[in-house]
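Engineer: what shape does this take:
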Amino acid sequence: MKKKNNKTLKTIGERLKKARENSGMSVNEVAQKTGIKASYIQRIEAGNAMRLNLSQTEILSESLNTDLYEIIKGLP
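Structural biologist: Predicted coordinates:
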């Protein structure tokens, strides 16, 4: 079960990074906008965050003008 969670977090992190890059924002800009530490955002994007809750994912996706469902499930 742990491996599946790690893979899921890595996939979400990759989607968040892509959304951030597409928005033209830096990690520091997202951190300032969301109040989430830049170092933690970097860990999320790299798939190295130990956990990520739905609230944080929603805050990040909103700051990047990206649909939460797109971040969690990917594009159809």
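
Engineer: what sits against the residue nearest the centre of the chain?
Structural biologist: Nearest residue to the geometric centre of the chain (C-alpha atoms, centre = their mean): residue 16, 3.7 Å. By C-beta atoms under 8 Å, 6 or more residues apart in numbering, the contact list for residue 16 reads 41, 44-45, 57, 60-61, 64, 71. C-betas here are computed from N, CA, C, even on glycine.

Engineer: show me what the mean pLDDT comes to for the lengthiest helix in the chain.
Structural biologist: Identified as the longest helix of the chain according to DSSP state H is helix 2-23. The average pLDDT within helix 2-23 is 87.

Engineer: what residues of it count as buried?
Structural biologist: Across helix 2-23, burial judged by 16 or more other C-beta atoms under 10 Å covers 9-10, 12-17, 19-20.

Engineer: what is the distance between it and the centre of its chain?
Structural biologist: Put simply, helix 2-23 sits 6 Å off its chain's centre (C-alpha atoms, centre = their mean, to the nearest Å).

Engineer: also stretch 45-57?
Structural biologist: On C-alpha atoms, centre = their mean, the centre of stretch 45-57 falls 6 Å from that of its chain.
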